[in-house]
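# For reference, the sequence and a predicted model appear below.
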Amino acid sequence: MVFPALSTIKEMVDILKESKKVLKDGRPLLIVVANSGYDHYMQTGLFGRMNVRTTFRGYFRSGIKYKTQRESNGKIFHYEDYHWTLSDYMTAIERAGYAIMGLDECPPGEEARRFDRVFYEKRMRYPTYLLLKVIAV
């Protein structure tokens, strides 16, 4: 979940290369990030949060820094992230010497439907997380 805080693809590549030093041979690395199609602006659609404001301006603007403001319990929280597309993540993975073994967009399971059907239906509209299973090549 650290990649959105990084300002360049090179920083992602450096972190991924460093991770290879601690992985045992043949062991995969799991990368989990907020889905690039989700970002904080989708919280209003999925969670109905009208207390979220953002400067995010488009999915295909790679590496663009955006600010988000969220009000909670009378306090205002500010944070900044960089937007990275799925293609950006794939580029970083390849440049670091990894190959993708698997990809999952983590849709809600059947248990979620039984627990809260309304939330399940909302959750089915937006991808929230992206899990990438990679291995060093």
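Nice, I can see it. Numbering: from 1, shown residues only.

# From Leu23, how far out is the most centrally placed residue in the chain?
When the chain is reduced to its mean C-alpha position, the closest residue under C-alpha atoms, centre = their mean turns out to be Ala34, at 2.0 Å. For Ala34, the distance to Leu23 under the criterion C-beta to C-beta, to the nearest Å works out to 24 Å. The way it works is simple: take the backbone N, C-alpha and C, and place the C-beta from them, glycine included.

# ranges for the helices of the protein?
Remark: helices assigned in the chain by DSSP state H are 9-20, 43-47, 86-95, 110-115, 117-123.

# between these, which one is nearest to Asp104?
Evaluated with C-beta to C-beta, those place helix 86-95 nearest to Asp104, the distance being 12.6 Å.

# So which other helices or strands are in contact with that closest one?
Contact here means 3 or more C-beta pairs under 8 Å, 6 or more residues apart in numbering; DSSP states H and E; on that basis helix 86-95 packs against helix 9-20, strand 29-34, strand 98-104, strand 129-136.

# hmm, who's touching it?
The list of residues contacting helix 86-95 from outside it, by C-beta atoms under 8 Å, 6 or more residues apart in numbering, reads 3, 9, 12-13, 16, 31, 33, 36, 62-63, 99-100, 130, 132, 134.

# Please pick the buried ones from those.
When neighbours are counted using 16 or more other C-beta atoms under 10 Å, the contacts of helix 86-95 contain these buried positions: 3, 9, 12-13, 16, 31, 33, 36, 130, 132, 134.
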